[in-house]
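Asks: here is a sequence with its predicted model. Questions after.
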Number of protein chains: 2
Amino acid sequence: MKKDISTEEKILTAAGQIFKSKGYAGARMQEIADKAGINKAMLHYYFRSKKMLFDKIFKEILSSFHQNIVKILNDDINWEKKIIVLTERFFLFVSKNKDIPIFIFNELHKNPEFFQKQLLRFETIRNSSFFKELKTEMEKGNIVKTDPLQVLIHIFSGMIFPVIAEPIISSIGDFNNDGFESFMYQRKEIIPKIIIEYLKNNGEK
Amino acid sequence: MKKDISTEEKILTAAGQIFKSKGYAGARMQEIADKAGINKAMLHYYFRSKKMLFDKIFKEILSSFHQNIVKILNDDINWEKKIIVLTERFFLFVSKNKDIPIFIFNELHKNPEFFQKQLLRFETIRNSSFFKELKTEMEKGNIVKTDPLQVLIHIFSGMIFPVIAEPIISSIGDFNNDGFESFMYQRKEIIPKIIIEYLKNNGEK
DNA sequence: GTCTATAAAGCGATAGAC
DNA sequence: GTCTATCGCTTTATAGAC
């Protein structure tokens, strides 16, 4: 139990920033040390190697990302409200963590074996109350029959993708910073509306 | 005009594969040379430096990506059919080029200045017949009033995001390769349906 | 144009003093 | 725990023979 910000914490904070902006391959131990206000030797003293330092950070980020999702999916509210809340949470998350999604997906893409090591229990998502409730409603014929995972990915993609593609979207839209912000704010309203409207439309099936 | 596959082409092909799978920072000139079946010195003879080789490839990939989009957006078919065709094309594109989206977005994220150098004319997207037709329909009150760019991003995100997030989606869904393929095939049908349904719903506004 | 050999710099990691 | 100095390997890039 240390009172001040410990060296270990300073390293983790600095390394997190560098890894997120440069990726594993592009990050430099020297740069992390500089940002943490210490020297390279300390990085190895605390974490042995670049790889082990990265693994620790990546695991933390992925795990907290995962836990956030599971928590919301199990909230005790009905599916319709949950879609709205889920979108809202993702909006807040990506607004504050613009570089986390691309970081996670990129590192997983370039280093698939990272994934197995994380031992994330993704069946917790499949078994969430959100998935169960959607399935029940589908069986009752109250909403369109579809894979609940498709619904979840509609929300994910709708809110996460734009942050990944921000440079291109801002170019197409000729946005400044505020322009993109308001673009995202609009999406936060549109996405749940579209999905709920689709699910409720029973005229076709 | 050379008849056989020139050394330059062999280098570009090999470098494209390596850069797409490892990224700029993670790619090694030695690995590119090996894959091209030549030695490192030739890489520098033809392209001077790693950076210049990368720039050439990145520019080509981004430009062809851009041109494909513009072409479809200006196809002479009505907006509704165009949404379906656009989704279909993206489906085919990402099926064959799973690593291109993450590559583009990641490199743009880590090196924003690349973007300015490309001098891509994105107003060609804003000025496409697709955007114009959507605006006309909105003014006529035939479809819901929204930013046409939002509509385009619905399609982009709906079809491109899942490929970027494949490892996570496959984990959640407990998919093997075929499982993910069929997940994408479903999306190809769902996405345009959802969007068109939403746009046609005039009951609310 | 293509190769081998090597320079030159970068970088992760360690030794050892304090 | 923290520092400086340095090792040893990797990697980009070049020189020069053919």
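Replies: Received, thanks.
Asks: run through who's touching the helix or strand harbouring A:Phe58.
Replies: Using DSSP states H and E, A:Phe58 sits within helix A:50-73. For helix A:50-73, the external contacting residues (C-beta atoms under 8 Å, 6 or more residues apart in numbering or on different chains) are A:11-12, A:15-16, A:19-20, A:24, A:27, A:29, A:32, A:43, A:46-47, A:82, A:85-86, A:89, A:93, A:100, A:103-104, A:107, A:114, A:117-118, A:120, A:122, A:124-125, A:128-131, A:152. Every C-beta, even on glycine, is put in place using the N, C-alpha and C of the backbone.
Asks: now it: buried residues?
Replies: Burial within helix A:50-73, assessed by neighbour count using 16 or more other C-beta atoms under 10 Å in any protein chain shown, is assigned to A:50, A:53-58, A:61-62, A:65-66, A:69-70, A:72-73.
Asks: is it positioned near DNA strand D?
Replies: No. Interface with DNA strand D: helix A:50-73 contributes nothing (C-beta under 7 Å from any atom of the strand), its closest point being 11.9 Å away.
Asks: which strands and helices sit next to whatever helix or strand comes next after that helix?
Replies: Following helix A:50-73 in sequence order, the next helix or strand is helix A:79-96 (DSSP H and E). Under the contact criterion of 3 or more C-beta pairs under 8 Å, 6 or more residues apart in numbering or on different chains; DSSP states H and E, helix A:79-96 touches helix A:50-73, helix A:100-110, helix A:129-140, helix A:148-164, helix A:177-200.
Asks: alpha carbons of helix A:79-96, as CSV, please.
Replies: The C-alpha trace of helix A:79-96 is given here as CSV (Å, rounded to 0.1, in the frame of the first residue of the first chain):
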residue,chain,number,x,y,z
TRP,A,79,-34.4,-5.3,-24.0
GLU,A,80,-35.7,-2.1,-25.6
LYS,A,81,-34.3,0.1,-22.9
LYS,A,82,-31.2,-1.9,-22.8
ILE,A,83,-30.4,-1.2,-26.5
ILE,A,84,-30.7,2.5,-25.7
VAL,A,85,-28.6,2.3,-22.6
LEU,A,86,-26.0,0.1,-24.3
THR,A,87,-25.7,2.6,-27.2
GLU,A,88,-25.4,5.5,-24.7
ARG,A,89,-22.6,3.7,-22.8
PHE,A,90,-20.7,2.9,-25.9
PHE,A,91,-21.1,6.6,-26.9
LEU,A,92,-19.5,7.7,-23.7
PHE,A,93,-16.8,5.1,-23.8
VAL,A,94,-15.6,5.8,-27.3
SER,A,95,-15.9,9.5,-26.7
LYS,A,96,-13.4,9.2,-23.9
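Asks: ok, back up a step: put the buried members of the contacts of helix A:50-73 into a ChimeraX selection.
Replies: Only the buried entries of these go into this ChimeraX selection, using 16+ other C-beta under 10 Å:
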select /A:11,12,15,16,19,20,24,27,29,32,43,46,47,82,86,89,93,100,103,104,107,114,118,120,122,125,128,130,131,152
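Asks: ok so, going back, near DNA strand C, anything from the helix holding A:Phe58?
Replies: Yes. Applying C-beta under 7 Å from any atom of the strand, one finds helix A:50-73 in contact with DNA strand C at A:50-51.
Asks: please apply the same query to stretch A:38-45.
Replies: Yes. Using C-beta under 7 Å from any atom of the strand, we find that stretch A:38-45 touches DNA strand C at A:40-41, A:44.
Asks: now swap in stretch A:30-37 and tell me
Replies: Yes. Using C-beta under 7 Å from any atom of the strand, stretch A:30-37 reaches DNA strand C at A:Gln30.
Asks: that stretch: which residues count as buried?
Replies: For stretch A:30-37, a neighbour-count test (16+ other C-beta under 10 Å) marks A:31-33, A:35-36 as buried.
Asks: which ones among the residues you listed map onto helices?
Replies: Filtering the buried residues of stretch A:30-37 for membership in helices, criterion DSSP state H, returns A:31-33, A:35-36.
Asks: turn those residues into TSV, columns for pLDDT and distance to A:Arg187.
Replies: TSV is the format used below for these (pLDDT from 0 to 100; distance: C-beta to C-beta, whole Å):
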residue	pLDDT	distance to A:Arg187
A:Glu31	98	34
A:Ile32	98	34
A:Ala33	98	39
A:Lys35	98	33
A:Ala36	98	36
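Asks: now these as CSV including distance to A:Asp147?
Replies: Supplementary listing: those in CSV, determined by distance: C-beta to C-beta, whole Å:
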residue, distance to A:Asp147
A:Glu31, 43
A:Ile32, 42
A:Ala33, 47
A:Lys35, 43
A:Ala36, 45
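Asks: nearest to B:Gly141, of those?
Replies: A:Lys35 (54.8 Å; C-beta to C-beta).
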